[in-house]
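# here is the input, now give the coordinates:
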Amino acid sequence: MSELPNRATPSRAVLDAFGVTGTPVPLAGGQGQSVLVGGWVFKPAEGDADEIEWAAALSERLRAGAGFRVPPPLRALDGRCAVGGWAAGRFLGGEPGPRGRWAEVLAAGRAFHAALRQEPRPDFLGRRTHPWAVADRVAWGEQHVEVIDDLAEPYSALLELRRPVRQDAAQLIHGDLTGNVLFTADDAPAVIDFSPYWRPAAFAEAIVIADGLLWFDLPPGLLRSGDDHPDWQQLLIRALIFRLVAHSENAGPSGRAQPGEPERCRRATGIVMRGTVQRTTVPAEDRPTPSVEPWCPRGDLNPHAR
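Below you'll find the model as predicted:
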């Protein structure tokens, strides 16, 4: 694992190692751990050394991708991607989706995944044990867990609905696009906070749609946005399992679900099985803010994403 920061902001020695000057300014978002210094966002480095280096190198390769942008990473003056437990990337401004931008979020994701299509599967994916990695494996039937009591009933119902799906087209995907695409008037959408998984690209879209069913009033037509995929309904079921199990894993064995969460899961499951969205998908009094922390796989490099 990477070295953990020993303080709430990067030290002067860390900033000097990156060649950055300025006073760290705490930023909203990034799970409360991001700071802005000289146009760069510093956050605690996550994952082992191989994962940190891989993520930086991938971002460097993808900087000129058609139809999207990614934040360029900042390397230390000696070439390292992390120093003293801190990593950094360029601050990118913009307004996050998905409200009013659902189709554009999906389009940016498709462009991003097209650029990733030939990338090999990184070895570290199989070693990850954080809640979202566990949830991904559970969603695809590769691991079994017990969930917290509050979510046991909707979880059992989703498992009953799950059927085998072929993964011939599995590739590197972003598993948390919903709030992590930023829009400006003059630039291509910025795809941030890359959360890598090895699944069919349509699964990334299914997660966006599942998020819309759980957290937002998803525009009705978008439920069928992946109908050209033969297993679209099954991908949606897996996306709901993914979110539910991640929520449970973050809560811990004796934890409780957030208020209204079991009902939202049941409602979303019913909509997926019916294939139709009624206009008030999530009653206003039950609707969480889209920045609910336990659902977020990683702290992002851009605070506007939360």
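# at the geometric centre of the protein, which residue sits there?
The geometric centre of the chain, computed from its C-alpha atoms, lies nearest to residue 176 (CA atoms, centre = their mean), at 2.2 Å.
# for the lengthiest helix in the chain, the averaged confidence score.
With secondary structure taken from DSSP state H, the chain has its longest helix at helix 232-251. Throughout helix 232-251, pLDDT has a mean value of 97.
# only the buried residues of the following helix or strand past it, if you could.
Counting by DSSP states H and E, the next helix or strand C-terminal to helix 232-251 is helix 261-274. Of the residues in helix 261-274, those scored as buried under the neighbour-count criterion (16 or more other CB atoms under 10 Å) are 261-262, 264-265, 267-269, 271-272. Where you see a C-beta, it was placed from the backbone N, CA and C, and this is true even at glycine.
# which strands or helices does helix 261-274 pack on?
The elements that helix 261-274 packs onto, with contact taken as 3 or more CB pairs under 8 Å, 6 or more residues apart in numbering; DSSP states H and E, are helix 149-161, helix 201-215, helix 232-251.
# that helix: how far from the chain's middle?
For helix 261-274, the distance from its own C-alpha centre to the chain's C-alpha centre is 21 Å (CA atoms, centre = their mean, to the nearest Å).
# just want the angle from it to helix 149-161.
Compare the direction of helix 261-274 with that of helix 149-161 by axes from the mean of the first three to the mean of the last three CA atoms, to 10 degrees and you get 10 degrees.
# ok and helix 261-274 relative to helix 201-215, angle-wise?
Angular relation of helix 261-274 and helix 201-215 on a 0 to 180 degree scale: 130 degrees, by the same axes, to 10 degrees.
# between helix 261-274 and helix 232-251, how many degrees?
Calculated by the same axes, to 10 degrees, helix 261-274 forms an angle of 170 degrees with helix 232-251.
# pLDDT (mean, whole number) over helix 261-274?
According to the model, helix 261-274 has a mean pLDDT of 94.
# likewise for stretch 77-95?
This predicted structure assigns stretch 77-95 an average pLDDT of 95.
# list the buried ones in that stretch?
Using 16+ other CB under 10 Å as the test for burial, stretch 77-95 gives 80-92, 94.
# circling back to that earlier point, helices or strands up against the longest helix of the chain?
Other elements packing on helix 232-251 under the criterion 3+ CB pairs under 8 Å, 6+ apart are helix 131-139, helix 149-161, helix 201-215, helix 261-274.
# need the ones you listed in a markdown table (columns: distance to residue 182).
As requested, the helices and strands packed on helix 232-251 are arranged in a markdown table below (distance: least, CB to CB, whole Å):
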| stretch | distance to residue 182 |
| --- | --- |
| helix 131-139 | 21 |
| helix 149-161 | 31 |
| helix 201-215 | 15 |
| helix 261-274 | 26 |
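# among the ones you listed, which is nearest residue 74?
For these, the distance to residue 74 is smallest for helix 131-139, at 25.1 Å, taking CB to CB.
# mean confidence for stretch 13-25?
Averaging the model's pLDDT scores along stretch 13-25 yields 96.
# would you mark the buried spots in that stretch?
Going by neighbour count (16+ other CB under 10 Å), the buried part of stretch 13-25 is 14-15, 17-18, 20, 24.
# end to end on it, go ahead and measure it.
Terminal residues of stretch 13-25 lie 17 Å apart, using CA to CA, to the nearest Å.
# contacting residues for the residue nearest to residue 74 when sequence neighbours are not counted?
For residue 74, the nearest residue in space outside its immediate sequence neighbours is residue 88; the separation is 4.1 Å by CB to CB, 6 or more residues apart in numbering. When contacts are counted by CB atoms under 8 Å, 6 or more residues apart in numbering, residue 88 touches 18, 20, 37, 40-43, 73-74, 301.
# return the most buried member of the helices and strands packed on helix 232-251.
Scoring the helices and strands packed on helix 232-251 by mean neighbour count under mean count of other CB atoms under 10 Å gives helix 201-215 as the most buried, with a mean of 25.
# which other helices and strands contact it?
Taking 3+ CB pairs under 8 Å, 6+ apart as the contact definition, the neighbouring helices and strands of helix 201-215 are helix 102-116, strand 170-174, helix 232-251, helix 261-274.
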